[in-house]
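Based on what follows, work out the 3D shape:
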Amino acid sequence: MSQSALHTPDTLRSRSEALAGTLPALMADAQHLAATVLLGTHGRKRAGTGDEFWQYRPAEAGDAMRSIDWRRSARSDGHFLRQTEWQAAQSVMLGVDDAASMTFTGAKSRPSKLRRAQTLAMAVGILAVHGGERVGLTHLNEPPRGGRGQLMRMAQALMDGHEAGDYGVPRPRVMPMGSRAVFFSDFLGDPAPIEEVLGRAADRGVKGALVQVLDPDEEAFPYGGRTVFESMSGAIRFETLKAKSLREEYLGRLAERKDRLDRATRRTGWRFTIHHTDQPAEPTLLWLYRALEKVRA
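Numbering: from 1, shown residues only. Next up, the predicted model:
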């Protein structure tokens with residue numbers, strides 16, 4: 001399909017209708033999930049911005065004249081504002097892996113790994129905003145913000161998607177100094193990039209948590225006899241007559257991966273947990289709530 005064909009009125013209308021159908025459901029699920037933790041108060045409101053430089057942005061209609069950075073503006077034809085980063089307790093950044101592997105589900109009765117990750121991420125965002133904090137998505141080149149409007153923008157961005165390929169590779173664009181962050185993924189791809197991201201985060205005083213989202217079939221490997229294994233994108237295909245004989249080696253490699261992620265988080269002051277899609281989401285959200293509170297300072 002040509003690029004121009006992707007933007008025809010019919011295609012845009014279909015995409016808008018699909019988004020309109022899934023977005024309210026995602027927000028409803030996330031709000032219901034967040035309500036289980038909102039029996040108490042998440043965080044405390046803390047006034048004021050930080051003094052660490054964030055970026056310059058072009059001035060817009062409605063910006064106060066006193067906000068313009070005249071020194072920067074003098075070097076160009078337009079007017080620019082100087083923006084600063086928000087301090088640690090006021091920013092929570094969320095990263096959701098939406099590569100092809102995240103769309104897997106072993107049973108129709110279970111949500112996909114992606115849908116569960118999206119729901120958990122939005123519930124964390126709702127809790128943060130309720131506590132007067134600012135939230136954002138790591139793959140967007142935008143600073144974190146507060147308010148319900150930001151939550152809706154985040155939900156739409158999660159529905160839009162951004163990753164390609166079988167497995168996701170974390171490429172966070174935004175991690176303000178001293179903020180907190182949560183990455184949701186199955187972490188079944190190359191672990192080196194996430195280790196690199198954690199190292200860079202530690203250098204910026206960013207702490208948080210990794211949530212490995214797995215389908216129970218990926219834990220149990222309930223396959224035997226002749227089986228065809230195919231990646232979600234179809235790029236990788238493997239056929240065997242004795243699938244059961246692969247189980248021990250597979251489970252061993254999965255255990256090694258979990259241990260490697262756990263060690264990487266411990267080195268950098270982060271936390272690590274595993275969530276299975278056949279289990280309720282509430283315990284994992286409560287764990288995240290407590291984990292983020294512990295790394296607040």
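
how about the strands in the stretch 51-200 of the chain?
For the stretch 51-200 of the chain, applying DSSP state E, counting those that start in this stretch gives strands covering 53-58, 80-84, 91-96, 134-137, 180-185.

Give me the sheet partners of the third one and which way each runs.
Each strand that strand 91-96 pairs with, and the sense of that pairing, follows from DSSP bridges: strand 134-137 (parallel), strand 180-185 (parallel).

contact partners of that strand?
By C-beta atoms under 8 Å, 6 or more residues apart in numbering, the list of residues contacting strand 91-96 from outside reads 85, 114, 117-118, 121, 124-125, 128, 133-139, 144, 154, 158, 170, 172, 174-176, 178-185, 206, 208, 292. Any C-beta I mention is one placed from the backbone N, CA and C, and that applies to glycine too.

So which of those belong to helices?
In helices, judged by DSSP state H, the following of those are found: 114, 117, 118, 121, 124, 125, 128, 154, 158, 292.

can you redo those residues as TSV with pLDDT?
Listed next are the ones in helices among the contacts of strand 91-96 as TSV, based on pLDDT from 0 to 100:
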residue	pLDDT
114	94
117	96
118	95
121	96
124	96
125	95
128	91
154	94
158	91
292	88
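
between those residues, which is nearest residue 192?
Using C-beta to C-beta, residue 117 comes nearest to residue 192 of the ones in helices among the contacts of strand 91-96, at 21.1 Å.

For the closest one, which non-adjacent residue is spatially closest?
residue 184 (3.8 Å; C-beta to C-beta, 6 or more residues apart in numbering).

host element of the nearest residue in space to residue 275 that is not next to it in sequence?
Distances taken as C-beta to C-beta, 6+ apart place residue 284 nearest to residue 275, at 4.5 Å, with adjacent residues excluded. Take DSSP states H and E as the rule and residue 284 turns out to sit in helix 282-294.

between that helix and strand 91-96, how big is the angle?
140 degrees (axes from the mean of the first three to the mean of the last three C-alpha atoms, to 10 degrees).

Counting by contacts, list what helix 282-294 packs against.
Judged by 3 or more C-beta pairs under 8 Å, 6 or more residues apart in numbering; DSSP states H and E, the packing partners of helix 282-294 are helix 9-35, helix 113-130, strand 180-185, strand 207-214, strand 271-276.

what's near enough to touch the closest residue in space to residue 126 that isn't next to it in sequence?
Nearest in space to residue 126, with sequence neighbours left out and distances taken as C-beta to C-beta, 6+ apart, is residue 34 at 4.1 Å. Counting by C-beta under 8 Å, 6+ apart, residue 34 makes contact with 123, 126, 127, 130, 285.

Let's see that with 6 Å instead.
For residue 34, the contacting residues are 123, 126, 127, by C-beta atoms under 6 Å, 6 or more residues apart in numbering.

same check, this time on residue 195
Residue 195 makes contacts with residue 264, as judged by C-beta under 6 Å, 6+ apart.

distance of it from residue 36?
Per C-beta to C-beta, to the nearest Å, residue 195 is found 32 Å from residue 36.

Same check on residue 260?
Residue 260 is 31 Å from residue 36, by C-beta to C-beta.

One more: residue 211?
When C-beta to C-beta is applied, the distance between residue 211 and residue 36 equals 17 Å.

try residue 61
Look at residue 61 and residue 36: by C-beta to C-beta, they are 42 Å apart.

These two: who's more crowded?
A count of neighbours by other C-beta atoms under 10 Å puts residue 36 above the other of residue 61 and residue 36, at 15 against 4.

Do I have it right that that one meets residue 282?
Yes. Assessed by C-beta atoms under 6 Å, residue 36 is found in contact with residue 282 at 4.8 Å.
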